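Engineer: what's the 3D shape of this:
(2 chains)
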Amino acid sequence: MSWRETFGQLARTIDTVFPGDRDLDALFAKGRPLRVKLGIDITSTSVTIGNGIPLRILARFQELGHVAVLILGDFTTLVGDPSGRDKTRPVLTPEEVVQNGETWLEQIKGLLDLDRAEVRRNGEWLAKLDSSQLLTLSSQLTVAQMLERDSFATRYRAGSPIHLHEFLYCLFQGYDSIAVNADVELGGTDQTFNVNMGRVLQKNAGMRPQVCVTNPLLEGVDGHKKMSKSVGNSICLDTPAKDMFGLATRIPDELIEKYLRLATDLADETIADLGRGDPWNAKKSMAEALTARHYGAETAARERTEFERVFAEKKLPEDIPEYVAPPGRTVLELVRGAFSMTSGEAKRLIKQGAVTVAGNKMTDASTVIEHTDGDVLRAGKRRFASLRVGPS
RNA sequence: GCCAGGAUGGCGGAGCGGUCAAACGCACCAGACUGUAAAUCUGGCGGGGUAACCCUACACUGGUUCGAGUCCAGUUCCUGGCACCA
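Structural biologist: Numbers count the residues shown, from 1 in each chain, chains lettered A, B, ... in the order given. Down below sits the predicted model:
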């Protein structure tokens, strides 16, 4: 039986199994619980739905009776992942790293059965490596091998800095596989180099090399870059339902299929059907399915209705935050106060015709408003405030 | 240690000693267009002021100048290369 059948629908979230499909099948055939490793970088606190992909695969292994070994990279996070090194990396304190780890676990407990999982922190063993062990590890690689790696090659050619510890990063990650005795390692396709390092090190240590299972990366809602919290194009597990739906509808059409495949639990046939139909409908169904996965079908359906009401029918949202202001305020003051922006921003919006009060477009910032309770102040498409008369 | 280059907005990156709140690009915001979008077009994008206008910015400290991101000196940090490698 092939692993594809074992994974069923989830197989569509797997990019590559290497060295080869049959290696994973062979592991399954052994009939013993496998140790399946997933290492996570806890630089940021939010878990994106992209991060969720390997977590779901891990959860599936768990369901199949295998051991989910979740490694919080507390040590490696302090070292810093080479990718994106040119950005000024906020230096995290050990306390922050601990805190981030907790936040992570809190957010993913809906995806993974943490009670049955083996949660480890790689500082547990990495912090204890002594110099001679480090030497042994690092002597297993050549500089040429490292420079083959695309991100290093590019930077080297460009004369950009490459720090020595960046070479060590993947060694550490590889060593994790030895430390937890991994049979399988999961990770995004961007981790191919790193997870393969685990194989090399394990082999040299006389262990059977792990099988690596990579998943496709999910582009962010901007449609270009990899989904990431720092880029600001992400949908996170803790994104409120309303925003989750809204953000999902903002992806470019080209990505609908990919999102359906990677971010929803819809059946393959349903996805195929949606692909043949109206793209706008497919996108909304995707957004609804995604929201449903995290907040339940009922909430998702409600958000869809609400969305259609606000954007398609141009009606007001159901819940509008209130803003209390005394009468006789200028438009500028209202916009500033209600949406807490600088006057510059507020003036700009007004000048550009983005602001309405009770449906009337206000283009003069100095207009004095005598509002009554329930008048809606609007700035742009998605900023609303319900005005109320009262002391400021 | 030596040589060289660099430090400007959220980012990248311009900027003959004066008119720089800072070209251009990206990101972002708004408007138009649409099916929310994306693409495209238009406008905006340090802070305050209705406005005229004012204030704060070009690593830091001094200096030269009527006037300095722009010149000089020192300091800090970054990068590349070279040397050293007992």
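Engineer: point to the residue nearest the middle of chain A.
Structural biologist: Central residue of chain A (Cα atoms, centre = their mean): residue A:48, 1.9 Å from the mean position.
Engineer: please name the bridge partners of it.
Structural biologist: residue A:236 (DSSP bridges).
Engineer: wait, doesn't it sit right on residue A:229?
Structural biologist: Yes. In this structure, residue A:48 is within contact of residue A:229 by Cβ atoms under 8 Å, at 6.3 Å. C-beta here means a position set from N, CA and C on the backbone, and glycine is covered the same way.
Engineer: just give the nearest non-adjacent residue to residue A:188, would you?
Structural biologist: Closest residue to residue A:188 apart from its sequence neighbours, by Cβ to Cβ, 6 or more residues apart in numbering: residue A:217 at 5.1 Å.
Engineer: if you could redo that for residue A:66, that was the one I meant.
Structural biologist: Sequence neighbours aside, residue A:34 is the residue nearest to residue A:66 in space, at 4.3 Å (criterion: Cβ to Cβ, 6+ apart).
Engineer: same thing with residue A:285?
Structural biologist: residue A:274 is the one closest to residue A:285 (Cβ to Cβ, 6+ apart), at 5.7 Å.
Engineer: okay, now the residue nearest to residue A:204 when sequence neighbours are not counted: neighbour count?
Structural biologist: Once flanking residues are discounted, residue A:204 sits nearest to residue A:140: 5.4 Å by Cβ to Cβ, 6+ apart. Per other Cβ atoms under 10 Å, the neighbour tally for residue A:140 reads 15.
Engineer: quick one, what contacts residue A:140?
Structural biologist: A:200, A:201, A:204 (Cβ atoms under 8 Å, 6 or more residues apart in numbering).
Engineer: doesn't the second one belong to a strand?
Structural biologist: No. Residue assignment for residue A:201, taken from DSSP: H, G, I helix; E, B strand; the rest coil, gives helix, which places it outside any strand.
Engineer: list the contacts of it.
Structural biologist: Here residue A:201 is in contact with A:137, A:140, A:171, A:174, A:175, A:177, A:178 (Cβ under 8 Å, 6+ apart).
Engineer: how does it look with 10 Å?
Structural biologist: Residue A:201 is in contact with A:136-137, A:140-141, A:170-171, A:173-178, A:207, A:209-210, counting by Cβ atoms under 10 Å, 6 or more residues apart in numbering.
Engineer: pull out the buried members of the residues you listed.
Structural biologist: Burial by neighbour count, 16 or more other Cβ atoms under 10 Å: within the contacts of residue A:201 this picks out A:137, A:141, A:170-171, A:173-178, A:207, A:209-210.
Engineer: I'd like these as a markdown table, with pLDDT appended.
Structural biologist: A markdown table is the format used below for the buried ones among the contacts of residue A:201 (pLDDT from 0 to 100):
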| residue | pLDDT |
| --- | --- |
| A:137 | 87 |
| A:141 | 81 |
| A:170 | 84 |
| A:171 | 87 |
| A:173 | 90 |
| A:174 | 91 |
| A:175 | 93 |
| A:176 | 94 |
| A:177 | 94 |
| A:178 | 94 |
| A:207 | 92 |
| A:209 | 94 |
| A:210 | 95 |
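Engineer: wait, which of those is closest to residue A:317?
Structural biologist: Of all these, residue A:317 sits closest to residue A:173, with 45.1 Å by Cβ to Cβ.
Engineer: before we move on, which element is the closest one in?
Structural biologist: helix A:164-179 (DSSP states H and E).
Engineer: what do residue A:48 and residue A:229 both touch?
Structural biologist: Common neighbours of residue A:48 and residue A:229 (Cβ under 10 Å, 6+ apart) are A:220, A:236.
Engineer: gap between stretch A:9-27 and the chain center?
Structural biologist: Offset of stretch A:9-27 from its chain centre (Cα atoms, centre = their mean, to the nearest Å): 23 Å.
Engineer: all strands of the stretch 151-300 of chain A, in order?
Structural biologist: A:184-188, A:211-215 (DSSP state E, counting those that start in this stretch).
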